[in-house]
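K.L.:
prediction below, plus the sequence it came from.
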Amino acid sequence: MTLGQALKASDAVGSGGEAKILIQAGEVRVNGEIETRRGRKLQSGDVIEVGEGNERVEVR
């Protein structure tokens, strides 16, 4: 699963376009590191944070 897909699946964003904007703006962290690649492949156990830690999603 990619980062963009995970954000949509978790309802952290309403659309792929919204995910793209947040990711490119540096508002998304994966395992504590800012991630700017929407197509980044995620692994089980990765933790995604959107914004200032308001939303956390763990990949299973």
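P.N.:
Structure received. Residues are numbered from 1 along each chain as shown.
K.L.:
strands of the protein, start to end?
P.N.:
Under the criterion DSSP state E, the chain contains strands at 28-30, 33-34, 47-50, 55-58.
K.L.:
what is the top helix by length along the chain packed up against?
P.N.:
Scanning the chain for the longest helix, with DSSP state H as the assignment, gives helix 16-24. Packing contacts for helix 16-24, counted by 3 or more C-beta pairs under 8 Å, 6 or more residues apart in numbering; DSSP states H and E, involve helix 3-9. C-beta coordinates here come from the backbone N, C-alpha and C atoms, glycine included.
K.L.:
can I get the strands of the chain in CSV with mean neighbour count, mean pLDDT and distance to Leu22?
P.N.:
Below are the strands of the chain laid out as CSV (neighbours: other C-beta atoms under 10 Å; pLDDT from 0 to 100; distance: least, C-beta to C-beta, whole Å):
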stretch, mean neighbour count, mean pLDDT, distance to Leu22
strand 28-30, 21, 96, 6
strand 33-34, 10, 96, 11
strand 47-50, 18, 94, 6
strand 55-58, 14, 82, 10
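K.L.:
just the buried positions in the longest helix of the chain, please.
P.N.:
Ala19, Leu22, Ile23 (16 or more other C-beta atoms under 10 Å).
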